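A.B. asks: Build me a structure from this.
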Amino acid sequence: MTMRALATPSRAPFALPAIARLATVLAAGLAISLLAALPAHADGTIYKCVDENGRIEFTDVNKRGCKPLDLPGAIAAPAPRRNAGASSSSSRPPAAPAVTPVDFPKVNTSQQRARDNDRREILEDELRNEEKKLAELRREFNNGALDGQGADKSSAKYQERVAHLRENVNRSEQNVAALKREIGNIK
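C.D. replies: The predicted structure is shown next:
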């Protein structure tokens, strides 16, 4: 090899750094796109979202139309419970007292009792009305029996009427059950 051959650089050393730079850029782009695809964690931030219909939703996910809320003194979610089998009260840390904001409205016991009684009266009135409605629907339905109107049981109109009455009876029965549950929940 002559001295001239050693002094003249070959083309290969210049091509390798270009490929290495391209690989580095591609790897960086891939890393950035992977990071962008990961879900973002809210880290305790609460957002107030208003959709195009004006409905308000509070969430920890930042979506379109959402604004972060500044909640001073916000309490983080409690830590998940430990093993349910370890029910020893001595191993459990003492529960922190509930913190109520100073300006939170308070209702005294007698006022709350009066509100509960009013609510119970309203629900019982609704229950009486719904039970009357149910009795009337059951009488009209008559278990799908012919009602003397000369209708044939096989006619489509009769079948449609019976199905409609059956749906009304079922809906009314569900309403009665729901009202009874609600009355049972009142303290």
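
A.B. asks: quick one: residue 51 and residue 65 touch, right?
C.D. replies: Yes. Assessed by CB atoms under 8 Å, residue 51 is found in contact with residue 65 at 6.3 Å. The way it works is simple: take the backbone N, C-alpha and C, and place the C-beta from them, glycine included.

A.B. asks: in the protein, which spans are strands?
C.D. replies: 47-50, 56-59, 66-68 (DSSP state E).

A.B. asks: name the helices or strands packed onto the first one?
C.D. replies: The one in question is strand 47-50. strand 56-59, strand 66-68 (3 or more CB pairs under 8 Å, 6 or more residues apart in numbering; DSSP states H and E).

A.B. asks: same thing with the shortest one?
C.D. replies: Helices and strands touching strand 66-68, by 3+ CB pairs under 8 Å, 6+ apart, are strand 47-50.

A.B. asks: Quick check: mean pLDDT of the strand it packs on?
C.D. replies: Mean pLDDT, strand 47-50: 84.

A.B. asks: Then stretch 104-119?
C.D. replies: On average, stretch 104-119 scores 90.

A.B. asks: Could you do stretch 61-73 as well?
C.D. replies: Mean predicted confidence for stretch 61-73 is 79.

A.B. asks: those helices in this structure, which residues are they?
C.D. replies: Under the criterion DSSP state H, helices of the chain are mapped to 3-7, 12-37, 109-141, 156-185.

A.B. asks: what's the burial count for residue 126?
C.D. replies: Using other CB atoms under 10 Å, residue 126 has 16 neighbouring residues.

A.B. asks: same thing with residue 172?
C.D. replies: Neighbours of residue 172 using other CB under 10 Å come to 19.

A.B. asks: Number the residues from 113 up from this point.
C.D. replies: Will do, 113 is the new start, and the previous item becomes residue 284.

A.B. asks: For it, give me its contacts.
C.D. replies: Taking CB atoms under 8 Å, 6 or more residues apart in numbering, we find residue 284 in contact with 242, 245-246, 249.
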